[in-house]
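**Q** coords please:
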Amino acid sequence: MTAAKYDVLGIGNAIFDVLVQTDEGFLSRHGMTKGGMSLIDQDRAAAIYGDMGPATEMSGGSAANTIVGVASLGARAAYVGKVKQDKIGSMYAHDIRAAGVAFETKPAADGPATGCSYILVTPDGERTMNTYLGAAQELTPADIDADQVAASAILYLEGYLWDPKSAKEAFVKAAAIAHQAGRQVALTLSDSFCVDRYRGEFLELMCNGTVDLVFANEAELHSLYQTSDFETALKQLRSDIGLAAVTRSEKGCVVVSKEGVTAVPAFPVKKIVDTTGAGDLFAAGFLFGLSRGVGHERAGRFGGLAAAEVIQHIGARPQVSLKELAQQNGLPV
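**A** Take a look at the predicted model:
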């Protein structure tokens, strides 16, 4: 197997985040399910945005946030996602490249605008997302560069890609190329509502070997196996895939493999401000650890460190160098 050019290549929906701190009343007024992600059309996007207070706007997208975190830790990272050739699309491309990530996906010349997610953050730090996919759903198998995929040690895919049909086909194509090149394929289940929509297909991806590693939180795990018992779900997960990492908020995470189950405590947090990106950044740290061959327990600690940083401020991307933060916390990179 040839040496990898990239440690991690992420493929996801390229989404621009519009975040606002609000209250429960806003959610109920707009009929939103707290803590979830709903797909919306352009008209609903305009209605929500029009009712929002002052917002923080920044580049986002689940897999993109993860890849930015991977780069912040000092790994070689690349990203594939579709934006339109518009103002927000140009800002998006600038932001991800400025974070040290290779981003070469050709923007769409026409069609829907660059995707946006309207994220409402309540006082408890919980985020509720309303996502207009826009140009992100224009990602097709033609956007997958076989050489780039084959040159990446780990391919990381987001469950949200399963919503647009052409993006799903791009996902499957990339996974096949990665395995032909002897690389690993990782999947994040994205959110419990996404699992509800595609439970059978996600289980098939795991059981037929399309993916080698799965990331989930407790809610996603319970949804996947339709059980409220954590141990039952964990046992099933262990039989369905070779490696998985399950995040448990303040309880840390558990890493599940054929060898056993390893519990890793959470990093201490002074105050939770915004949980947007917690799972994305956990995945960043864990993937970084895997790329460095540090073992499952230490990979889980890198994940916990990155997640702890991102939930202590608004926005889903790190505001400090995660590499320096890891070194300060006894995790040399």
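**Q** CA only for contacts and neighbour counts going forward, please
**A** Noted.
**Q** Verify the stated contact: A135 with K82.
**A** Yes - taking Cα atoms under 8 Å as the definition, A135 is a contact partner of K82 at 6.0 Å.
**Q** residues near D280, how many?
**A** By other Cα atoms under 10 Å, 28 other residues sit near D280.
**Q** I'd guessed it sits against N65; true?
**A** Yes - the pair D280 / N65 is scored as a contact, 6.0 Å apart, by Cα under 8 Å.
**Q** list residues touching both of the two?
**A** When contacts are counted by Cα atoms under 8 Å, 6 or more residues apart in numbering, D280 and N65 have A316 as shared neighbours.
**Q** does A245 belong to a helix or a strand, and which?
**A** Assignment of secondary structure by DSSP states H and E places A245 within strand 243-247.
**Q** For the stretch 101-250 of the chain, which segments count as helices?
**A** Ranges of helices in the stretch 101-250 of the chain, per DSSP state H, counting those that start in this stretch, are 146-150, 165-180, 192-207, 218-225, 230-240.
**Q** Rebuild these as CSV, extending it with mean pLDDT, distance to M91 and mean neighbour count.
**A** Formatted as CSV, the entries for the helices of the stretch 101-250 of the chain read as follows, by pLDDT from 0 to 100; distance: least, Cα to Cα, whole Å; neighbours: other Cα atoms under 10 Å:
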stretch, mean pLDDT, distance to M91, mean neighbour count
helix 146-150, 98, 23, 20
helix 165-180, 96, 22, 19
helix 192-207, 96, 28, 17
helix 218-225, 97, 32, 20
helix 230-240, 96, 39, 16
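**Q** hey, C-alpha coordinates of stretch 18-26 in PDB?
**A** In PDB, the C-alpha atoms belonging to stretch 18-26 read as follows (Å, rounded to 0.1, in the frame of the first residue of the first chain):
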ATOM      1  CA  VAL A  18     -26.100  31.000  11.100                       C
ATOM      2  CA  LEU A  19     -26.200  30.700  14.900                       C
ATOM      3  CA  VAL A  20     -28.300  32.700  17.300                       C
ATOM      4  CA  GLN A  21     -28.900  32.400  21.100                       C
ATOM      5  CA  THR A  22     -32.600  32.200  21.800                       C
ATOM      6  CA  ASP A  23     -35.200  30.700  24.100                       C
ATOM      7  CA  GLU A  24     -37.700  27.800  24.100                       C
ATOM      8  CA  GLY A  25     -40.500  30.200  23.000                       C
ATOM      9  CA  PHE A  26     -38.800  30.700  19.600                       C
END
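**Q** Please work out which residues outside it touch it.
**A** Among residues not part of stretch 18-26, those counted as contacts by Cα under 8 Å, 6+ apart are 52-58, 116-123, 314-315.
**Q** likewise stretch 300-320?
**A** By Cα under 8 Å, 6+ apart, the list of residues contacting stretch 300-320 from outside reads 19, 58, 60, 65, 68-69, 72, 245, 252-255, 264-286, 288-289, 322, 326, 331.
**Q** I'd like to know which of those residues are buried.
**A** Buried members of the contacts of stretch 300-320, counted by 16 or more other Cα atoms under 10 Å: 19, 58, 60, 65, 68-69, 72, 245, 252-255, 264-267, 272-286, 288-289, 322, 326.
**Q** Among those residues, name the ones in strands.
**A** Counting by DSSP state E, the members of the buried ones among the contacts of stretch 300-320 that fall within strands are 19, 58, 60, 245, 253-255, 264.
**Q** quick one, strands of the stretch 51-200 of the chain?
**A** Per DSSP state E, counting those that start in this stretch, the stretch 51-200 of the chain carries strands over the ranges 56-60, 77-80, 101-103, 115-121, 127-132, 152-158, 184-188.
**Q** Check which helices and strands the shortest one is in contact with.
**A** When you say that, I think you mean strand 101-103. The helices and strands touching strand 101-103, judged by 3 or more Cα pairs under 8 Å, 6 or more residues apart in numbering; DSSP states H and E, are helix 62-72, strand 77-80, helix 87-98.
**Q** Model confidence for P164, exactly?
**A** At P164, the model reports a pLDDT of 89.
**Q** Quick check on it: phi, psi?
**A** Note on P164: backbone dihedrals following degrees, to the nearest 10 are phi -80, psi 130.
**Q** gap between the residue nearest to it when sequence neighbours are not counted and D86?
**A** Closest residue to P164 apart from its sequence neighbours, by Cα to Cα, 6 or more residues apart in numbering: Q137 at 5.2 Å. Between Q137 and D86 the distance, using Cα to Cα, to the nearest Å, works out to 16 Å.
**Q** So the two - more neighbours on which side?
**A** Between Q137 and D86, Q137 has the larger neighbour count (other Cα under 10 Å), namely 24 against 15.
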